[in-house]
Structure formats: structure tokens, C-alpha cells
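1. heads up, no residue letters with this:
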Ligand code: PLP
């Protein structure tokens, strides 16, 4: 099992047998309020009838078709719907099956773009401290969490990393984007001068760092990264696997922050988690660069057996329908101030070292138990589970990302349960 202490799990397995709306259902029938949207996936809530029905119908119509030199109507429709959902000018979609595949595909597309334009010296990829970009060798190489790299090297050689744009003294407990800290983006210019900017293909960042600890970008930070990339002909990649599909009260973080990347990766919320899928959405100039060779030759030697799988595309179209018809993105935007205020109200509770929140994301950082890093966070998450609320414990961080359909009462229940956990663990 991924990221799971197997022997501990076998002693005390956690098994869910069903899910509905905001809730998981345990084997003994107990309901658990889902404060994690599964794993940042189930933005429209579990078992959405529209999505379930779309998958059922698709399965009876067309079980599988390769995307190598052929396609099917739902693949075309979903690509068009995504184009309309994505920032203007990012009009081309490449389908994959996970966030990790989306990132590795994006990194290859970035290098391929420069190669196609006769600039093959541009191979370096710049990531960021605390960044998480999945578990492929490419994504792992640009990620900024050393623990995940241990034992798996050597990784891609041509990478460098920006530092975390976070200073707790100034930015701790901030609501949304910190006011201070845009100057951290200037570090990219300095790094480029060390690396030689003419050798750099792309900079990849999560607009809001997710798994690494929910770090919203300081105001002006992403704008400066964009300007520096433009100045040096470097592609800017936004990894929106977590921030996409309404999480920040806009379709993608790119729209929420008003900064447009050249390449955008997504997954998770694409199908509401119901069928594995990922996507790489590219700006027109990126697509066009590949379209310059002889028209009878393959432009991109890349792809996967299950790219644009019929069940995933059907689920994706249904997700777009649900978003449009229920106004889910606006709903997330409306409830997010309540969410953020209530999350920040945990300040001052026992062991709370920091809180970071933006959109419908939240993170409570807990002071580690002396000599036992991660133990207190794990105990808090376990307490919450036993009291009917699923929060993701990641070391001493409680990571929160509920389905976007969450109500005010459910927000209260999640936060009250976390409060009780903090009061009760040692
Ligand atoms: N990129 C980001 C920002 C993620 O948060 C994740 C997963 O959480 C991934 C990539 C990898 O996605 P997957 O687990 O679907 O491969």
C-alpha cells in the first residue's frame, strides 16, 4: 500500500466499504465525515449520481479504445470542456492516468518544446523546496521533499530547486495569500544566473504547495516567477493536481491568482476521483511548436495505453456538467471565508504551531512530541477518525481538503473534533 506502515496497518486495518456525499462508511456501518475529499479528489462529494450514471453508461457502450492513432467522441468532448474550463489560451489537452504521469509528461513536453524549436540545450528543470510532484522519476526529481528521494537515486541530474517562500515570523497564521514575501521569487533570477538561464527548460511549482504542507504563495510571488520565466524564454508549469477543479474558488489556481502558466497539470478532481485520470493542458504556443515537422510523422513520442480511457472521459464530462449546473466553483468560493476563519480559530489550542489556509484547503501544524516526531499528529488524526471525522495526518501536520459541497455545520464538526483531539492527545 502507498505511504503506509504495512505491519502497523495489518495490526489495525482501516477499511471503508462505501461512501456517499460528505461521508465514508466503515465496515461496521459507522459514518465518517470526509475532511480530505478522499485524497484531494472528491470535490463534488462521493457517489455523485450523475457521475456514477455516466460511468455505468460508458461501460456498456465502449469499454476500451486505444488513443494511439484513434479516439472516441467522449475524449474529444472532454478535451473541449477542459479547454473551456482552463485559462484562456491553454487550448490543448493530453490525457494521462494520474498526477504523476501528468507531471512526467509535462516535463517531457517542456523539454520537447525547446528541442522542437531548435533550442535543445534547454534541459534543466527547476522545482521548489517542499514541492510534491508525484512519484515518477521526473516528478520526484523536481520535488522538494528529501525523505521521498532517499534510497531511490540517482534521479534526474539536470534539476535545481527554489527555496520555500515562507517565513513563519511574518507569514504564520495568515488567512489566504500572505501579504509579505513576494521578494522570495527574486531567488529564481539568482538561481538562473548560477545555472545559466539558456540551459533551463522549465520551472515547475504547485501554485499552492499541497502535500508538502499547504503553503499559499505570497501576494506577487507567482507574478514575479512568471515575469522572470518570460524574460528568459523558460516555460512555467503549474502543477494543479490539488489546486484544480474549484479547490480555490476558481476553476484552477491560475484563474484564482490571475497568473497563466505555459503548461498546467491536473488529475484527482478531473473525474471526482471516480476513475483514474490525469491531464496536461498546454498553451497554444507549446502545442504549435510540436506541429512544425512533416505532417505525416508523430509529433510527440509519448503516451499511455489508458490515455483518454472511455470511462474516465465519461466521468470527466459528468464532472463538468455537475460543476456547471450546480455552480460548484462559486459555492466553494462562498463557503471558503467561513472555512478559513474557522480553521484559523484553532490558533491558541494546545500544540498548535501554525495554521495555513486558502480556498478550501487547510493545514494545522502541531508541535512534535519531544523525541517522537509525527507521533502527536498521528494520534490527533486517529482521535478524529474514532470520533467520526477523517483528516489526513501527515507527520505532525493535519491536512484538510474537504469536498467542495461541505456545509457550515460540517465545517464546525470537523474543527470541533480537531479541537477535542488537541485537548485530549498528549
Ligand atoms: N502533483 C501534485 C501536486 C500532487 O499533490 C500529487 C498527488 O498528491 C501528484 C502530483 C501525484 O498524483 P498521483 O498520486 O495521482 O500520481
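-> Structure received. Note that this is a predicted model, so its numbers are computed, not measured.

2. When you work out contacts or count neighbours from here on, use the C-alpha atoms and nothing else.
-> Will do.

3. Quick one: name the residues of the stretch 1-150 of the chain near the ligand.
-> Counting by C-alpha under 6 Å from any ligand atom, the stretch 1-150 of the chain comes close to the ligand at 98, 99, 100, 132, 133, 134.

4. Try it again at 8 Å.
-> Within the stretch 1-150 of the chain, the residues that sit near the ligand (C-alpha under 8 Å from any ligand atom) are 39-40, 97-103, 131-136, 139.

5. Are any of these buried, and if so which?
-> Among these, those scoring as buried are 39-40, 97-103, 131-135, 139 (criterion: 16 or more other C-alpha atoms under 10 Å).

6. List just the nearest of those to residue 305.
-> Using C-alpha to C-alpha, residue 97 is the member of those that lies nearest residue 305, at 9.4 Å.

7. gap between the residue lying closest to the closest one once chain neighbours are set aside and residue 38?
-> With sequence-adjacent residues excluded and distances taken as C-alpha to C-alpha, 6 or more residues apart in numbering, residue 97 is closest to residue 277, at 3.8 Å. In this view, residue 277 and residue 38 are 15 Å apart by C-alpha to C-alpha, to the nearest Å.

8. Of these two, give the one with the bigger neighbour count.
-> Higher neighbour count among residue 277 and residue 38: residue 277, with 29 against 24, using other C-alpha atoms under 10 Å.

9. Contact partners for the more buried one?
-> Counting by C-alpha atoms under 8 Å, 6 or more residues apart in numbering, residue 277 makes contact with 95, 96, 97, 98, 99, 267, 268, 270, 271, 307, 308, 312.

10. Among the residues you listed, which one is most surrounded by other residues?
-> Busiest of the contacts of residue 277 [other C-alpha under 10 Å] is residue 267, holding 31 neighbours.

11. Now do the contacts for the residue nearest the centre of the chain.
-> For the chain, residue 242 is the residue whose C-alpha lies nearest the centre (C-alpha atoms, centre = their mean; 2.0 Å). Contact partners of residue 242, counting by C-alpha under 8 Å, 6+ apart, are 40, 41, 210, 266, 267, 268, 269.

12. rewinding a little: what two of the residues of the stretch 1-150 of the chain next to the ligand have the greatest distance between them?
-> 97 and 131 (20.5 Å).

13. tell me what the strand or helix carrying residue 264 is packed against?
-> Residue 264 belongs to strand 263-266 when assigned by DSSP states H and E. The elements that strand 263-266 packs onto, with contact taken as 3 or more C-alpha pairs under 8 Å, 6 or more residues apart in numbering; DSSP states H and E, are helix 99-116, strand 235-239, strand 278-282.

14. Adding mean pLDDT, write those out as a markdown table.
-> Formatted as a markdown table, those follow (pLDDT from 0 to 100):
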| stretch | mean pLDDT |
| --- | --- |
| helix 99-116 | 98 |
| strand 235-239 | 99 |
| strand 278-282 | 98 |
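
15. Nearest to residue 379, out of those?
-> helix 99-116 (29.0 Å).

16. Tell me the first helix or strand C-terminal of the closest one.
-> By DSSP H and E, the next helix or strand past helix 99-116 is strand 124-128.

17. Can you give the contact residues for the very next helix or strand once past that next one?
-> Downstream of strand 124-128, the first helix or strand assigned by DSSP H and E is helix 137-142. Helix 137-142 is contacted from outside by 100, 103-104, 107, 125-128, 131-134, 148-149, 155-156, 159-161, 204, using C-alpha under 8 Å, 6+ apart.

18. repeat that with 10 Å
-> Contact partners of helix 137-142, identified using C-alpha atoms under 10 Å, 6 or more residues apart in numbering, comprise 99-108, 125-129, 131-135, 143, 146, 148-149, 152-161, 203-205.

19. could you flag which of those are buried?
-> By 16+ other C-alpha under 10 Å, the contacts of helix 137-142 give 99-108, 125-129, 131-135, 143, 149, 158-161, 203-205 as buried.
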